[in-house]
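Colleague: Sequence and predicted structure are below.
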Amino acid sequence: MQRLSRKEREHKARRSEILDAAERLFSSKGFHDTTMAEVAKKSEFAIGTLYQFFKNKEDLYYTMVIEKLELLHSIIGNEVGKFRDSIKKIESLIKTQLSFFQENRDFFVIFIRERRSMEATSNEDFGDVLRKKYLLYIDLVAHVMLAGIEQSKLKDLDPKELAWALLGIMNSFVFQWIINPQKASLVSKSTVIMDLFMKGTERSEV
C-alpha cells in the first residue's frame, strides 16, 4: 500500500473532521436547520476551508451518506470473507451489520429522517445512487447465500431472494431499534435474527 504524503494525510484528516462535525450537527439539529457556518465552527475550520472540500451542504451530506454505506459494505465483505463455512458467514454478516448500526446510530437517525426529502430535492439523482449501492450489497449477500446452497446448508432457492429476506428481517429490527431508543444492545438481537432466518417461526410438533 502506497504511503500517503504529509499533505495528503492532513487533507484526509481535515475532511474527516468536517464530516464528523456535520454528522453530529445533522443528528442534533437536523439537516435543514444546520448551516455550513455551524459546521465550520464545530469542526474548528474557516468556512472557506469547508468549500475547498464540499460544494455546498447537500454535497457534504451526500458524501457522508455514500462513504458511510461504502464503509459498511467493505467491513461486512472483509468479515464474511474470513470464513469458509456458509453458516459462519451468515452469522458474521448479521453481527457485523448490527454492530455497525449500533456504533453509528446517530448517522442512521439522520439517514432515516432525511432520506425521502433529500431524494426528492436532489439534482444529482441521489436516490438512484443509493439504490445502486444497495443492489451491490444485495449481490454481496446473495453470494453468501449461494455458498450456503452449494454447501447444502440452505434450501435450493434463489440466492437474491434469500438475500432480500435476510436483510428484510435485519432492517426491521434495526429500524425499530433506531426509532425507539432502547437500553438493549442491537447486537444482542443477532441470535433471534439468525434463528428466524434459518428456522422460521413455525413451531415444531412434539
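Modeller: Structure's in. What do you need? Numbering: from 1, shown residues only.
Colleague: So the protein: which segments form each domain?
Modeller: Following automatic domain parsing, one finds the domains of the chain at 1-54, 56-199.
Colleague: okay, these in TSV with mean pLDDT and mean neighbour count next?
Modeller: Placement of C-beta: from N, CA and C, glycine included. Shown next, in TSV, are the domains of the chain (pLDDT from 0 to 100; neighbours: other Cβ atoms under 10 Å):
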stretch	mean pLDDT	mean neighbour count
domain 1-54	89	15
domain 56-199	90	16
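Colleague: Tell me where this protein has helices.
Modeller: 6-29, 36-43, 47-53, 57-80, 86-103, 105-121, 126-150, 159-179, 190-199 (DSSP state H).
Colleague: who touches the residue nearest the centre of the chain in this structure?
Modeller: In the chain, the residue lying closest to the centroid (Cα atoms, centre = their mean) is Leu69, at 4.1 Å. With contact taken as Cβ atoms under 8 Å, 6 or more residues apart in numbering, Leu69 is in contact with Leu130, Lys133, Tyr137.
Colleague: Surely the last one touches His73?
Modeller: Yes. In terms of Cβ atoms under 8 Å, Tyr137 counts as a neighbour of His73; the distance is 5.2 Å.
Colleague: quick one: contacts of stretch 70-88?
Modeller: Outside stretch 70-88, the residues touching it (Cβ under 8 Å, 6+ apart) are 89, 92-93, 96-97, 100, 133, 136-137, 140, 144, 147-148, 150-151, 153-154, 198.
Colleague: How far away from the center of its chain is it?
Modeller: Distance, stretch centre to chain centre, for stretch 70-88: 14 Å (Cα atoms, centre = their mean, to the nearest Å).
Colleague: now stretch 36-53
Modeller: That offset, for stretch 36-53, works out to 25 Å (Cα atoms, centre = their mean).
Colleague: how long is it end to end?
Modeller: One end of stretch 36-53 sits 12 Å from the other (Cα to Cα, to the nearest Å).
Colleague: what do you get for stretch 149-162?
Modeller: Stretch 149-162: ends 10 Å apart by Cα to Cα.
Colleague: ditto for stretch 42-54
Modeller: By Cα to Cα, one end of stretch 42-54 lies 16 Å from the other end.
Colleague: Not counting its neighbours along the chain, what's nearest Glu38?
Modeller: Closest residue in space to Glu38, ignoring its immediate chain neighbours: Leu25 at 5.8 Å, by Cβ to Cβ, 6 or more residues apart in numbering.
Colleague: And that neighbour, how close does it get to Phe31?
Modeller: Applying Cβ to Cβ, to the nearest Å, the value for Leu25 to Phe31 is 9 Å.
Colleague: for Asp158, same thing?
Modeller: Counting by Cβ to Cβ - Asp158 and Phe31 are separated by 37 Å.
Colleague: correct me, but Ile90 touches Ala165?
Modeller: No. Using Cβ under 8 Å as the test, Ile90 is too far from Ala165 to be in contact (11.6 Å).
Colleague: shared neighbours of these two, anything?
Modeller: Phe197.
Colleague: Hmm, Lys57 and Thr63 touching each other?
Modeller: No. Using Cβ under 8 Å, Thr63 is not in contact with Lys57; the gap is 10.7 Å.
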